[in-house]
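Asker: everything below, folded, please.
(one chain, ligands or ions: 2)
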Amino acid sequence: EAAANRIAAGEVVERPASAVKELVENALDAGARRISVDYADGGKTLIRVSDDGTGIPAEELPLALSRHATSKIDGTDLLNIHTFGFRGEALPSLGAVGRLGITSRPPGAASACRITVDGGRMSDVLPAAGNPGTVVELRDLFHATPARLKFLRTDRAEAQAIGDVVRRLAMAEPGVGFTLRDRGSNRTLFRADPETGDLFSALHGRLRQVLGPEFADNAVRVDAERDGVRLTGFAALPTYSRGAAVSQFLFVNGRPVKDRLLLGALRAAYSDVLSRDRHPAAALFVTVDPERVDVNVHPAKSEVRFRDAALVRSLLINGVRAALADAGH
Ligand code: ADP
Ligand code: MG
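Answerer: Ligands and ions are numbered 1, 2, ... in the order given. I've put the predicted structure just below:
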């Protein structure tokens with residue numbers, strides 16, 4: 001059983017960044033308004049995600065660590081999932097591949113409680129100090145499976161992947177405050193306060209925080225719709241292009257994706273105004289009826305398949321071109 005758990009866990013948790021993704025998504029699902037991510041040594045020795053969300057009642061802590069226990073869905077309506085999580089796999093998987101500690105306090109509770117799990121073995125639930133919300137700490141990822149540990153990249157590369165995941169989720173949720181800290185060097189790498197206002201001003205403010213003022217000042221608003229598919233976001237002027245495709249952020253129904261079709265369409269949108277060795281920068285959100293898109297339900301992947309691929313492609317190309325043309329490009 002323990003071995004089977006570790007194999008299954010390996011699929012959910014490939015590297016520190018995938019653990020961070022699962023934990024931040026849980027915090028978002030819990031309605032957090034502020035989320036802090038701390039790590040050390042590229043996340044290999046420490047990952048800590050703190051939130052001010054709904055918390056987990058003491059009596060539910062052991063359940064949260066049990067495989068296929070989720071509080072989010074009853075299994076009857078897989079198409080209309082509004083939470084990131086619904087499989088109940090992340091926490092048990094993390095408990096199988098590292099030393100996991102959860103300290104949680106629902107806002108109404110008088111104090112926090114804590115549970116730990118190491119190598120799949122669960123502790124008792126004990127009272128602990130803690131603010132309302134949840135702190136999940138994962139130490140020594142893959143300590144029991146040196147072969148997996150060896151496949152991780154340098155601390156620097158793993159830290160970069162963590163930063164990428166947090167930045168993408170921060171763009172997807174402008175209303176939520178994010179902080180990312182490297183505990184090894186005690187540096188705050190990134191901080192974004194909750195944005196208010198309408199969709200575009202909140203997103204613009206968030207992009208200024210995440211991608212920097214230079215992007216924000218050189219980006220045009222994209223807002224297009226066809227046959228029930230909507231495209232919103234910001235695309236940078238060709239003058240802000242990059243030598244590598246590092247600033248391309250795409251989202252489908254609010255989730256970060258790395259999708260070939262969308263990336264290809266983005267490149268095509270700029271084909272007349274950018275030379276082939278330059279890459280456009282953009283943060284674009286596709287919103288479509290969930291029945292018209294297959295979100296690959298494998299947790300570690302971020303590919304999607306649109307039922308109307310040609311429609312989505314032309315919407316993106318024309319939507320971005322129209323926005324650039326309005327700005328005189
Ligand atoms: P899933 O997200 O698919 O439900 P997880 O294993 O990620 O599965 O989490 C299991 C359960 O633990 C969740 O359904 C939720 O009830 C609870 N949980 C996990 N993280 C948090 C959190 N940060 N705040 C509140 N509840 C949480
Ligand atoms: Mg989850």
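Asker: show me what the helix or strand hosting Ala323 is packed against.
Answerer: When secondary structure is defined by DSSP states H and E, Ala323 falls within helix 309-326. Secondary-structure packing of helix 309-326 (3 or more C-beta pairs under 8 Å, 6 or more residues apart in numbering; DSSP states H and E): strand 219-226, strand 229-236, helix 260-269, strand 282-287. C-betas here are computed from N, CA, C, even on glycine.
Asker: pLDDT of the helix or strand following the last one, averaged?
Answerer: Once the chain leaves strand 282-287, the next helix or strand it forms, by DSSP H and E, is strand 293-295. Averaging the model's pLDDT scores along strand 293-295 yields 83.
Asker: can you list the strands that the helix or strand where Thr179 lies pairs with?
Answerer: Here Thr179 sits within strand 177-182, counting by DSSP H and E. Paired with strand 177-182 in the same sheet, following DSSP bridges, are strand 34-40 (parallel), strand 187-192 (antiparallel).
Asker: picking that back up, which one of the helices and strands packed on helix 309-326 lies nearest to Met171?
Answerer: strand 282-287 (5.6 Å; C-beta to C-beta).
Asker: only alpha carbons, please: show the closest one as PDB.
Answerer: This file holds the C-alpha atoms of strand 282-287, laid out as PDB (Å, rounded to 0.1, in the frame of the first residue of the first chain):
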ATOM      1  CA  ALA A 282       0.700  38.600 -23.300                       C
ATOM      2  CA  ALA A 283      -1.600  37.500 -20.500                       C
ATOM      3  CA  LEU A 284      -4.800  36.200 -22.100                       C
ATOM      4  CA  PHE A 285      -7.900  34.600 -20.700                       C
ATOM      5  CA  VAL A 286     -10.200  32.300 -22.700                       C
ATOM      6  CA  THR A 287     -13.600  31.800 -21.200                       C
END
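Asker: mind pulling up the pLDDT for the residue lying closest to Asp223 once chain neighbours are set aside?
Answerer: Distances taken as C-beta to C-beta, 6 or more residues apart in numbering place Thr232 nearest to Asp223, at 5.4 Å, with adjacent residues excluded. In this model, Thr232 is scored at 98, pLDDT.
Asker: any chance of the strands paired with strand 177-182 in a markdown table, with mean neighbour count, distance to ligand 1 and mean pLDDT too?
Answerer: Below are these laid out as a markdown table (neighbours: other C-beta atoms under 10 Å; distance: least, C-beta to the nearest ligand atom, whole Å; pLDDT from 0 to 100):
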| stretch | mean neighbour count | distance to ligand 1 | mean pLDDT |
| --- | --- | --- | --- |
| strand 34-40 | 22 | 9 | 98 |
| strand 187-192 | 15 | 19 | 95 |
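Asker: and these: which comes nearest Ala144?
Answerer: With C-beta to C-beta as the criterion, Ala144 lies closest to strand 34-40 of the strands paired with strand 177-182, at 19.0 Å.
Asker: how many other residues sit next to Ala110?
Answerer: 6 (other C-beta atoms under 10 Å).
Asker: spell out which parts of the protein neighbour ligand 1.
Answerer: Residues of the chain lying near ligand 1 by C-beta under 6 Å from any ligand atom: 22, 26-27, 29-30, 51, 53-56, 64, 70-72, 85-91, 134.
Asker: show me how to select, in ChimeraX, the buried members of the residues you listed.
Answerer: With 16 or more other C-beta atoms under 10 Å as the criterion, this ChimeraX line picks the buried residues out of the residues of the chain next to ligand 1:
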select :22,26,27,29,30,51,53,54,55,56,64,70,85,86,88,89,90,91,134
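Asker: so which of the residues of the chain next to ligand 1 sit within strands?
Answerer: In strands, defined here by DSSP state E, the members of these are Asp51, Thr134.
Asker: now, which of the residues of the chain next to ligand 1 lie within helices?
Answerer: Glu22, Asn26, Ala27, Asp29, Ala64, Ala90, Leu91 (DSSP state H).
Asker: quick check: the first one touching Ala90?
Answerer: Yes. Distance between Glu22 and Ala90: 3.8 Å, which falls inside the contact criterion (C-beta atoms under 8 Å).
Asker: low-confidence ranges in the chain?
Answerer: 1-12, 68-69, 72-87, 296-301 (pLDDT under 70).
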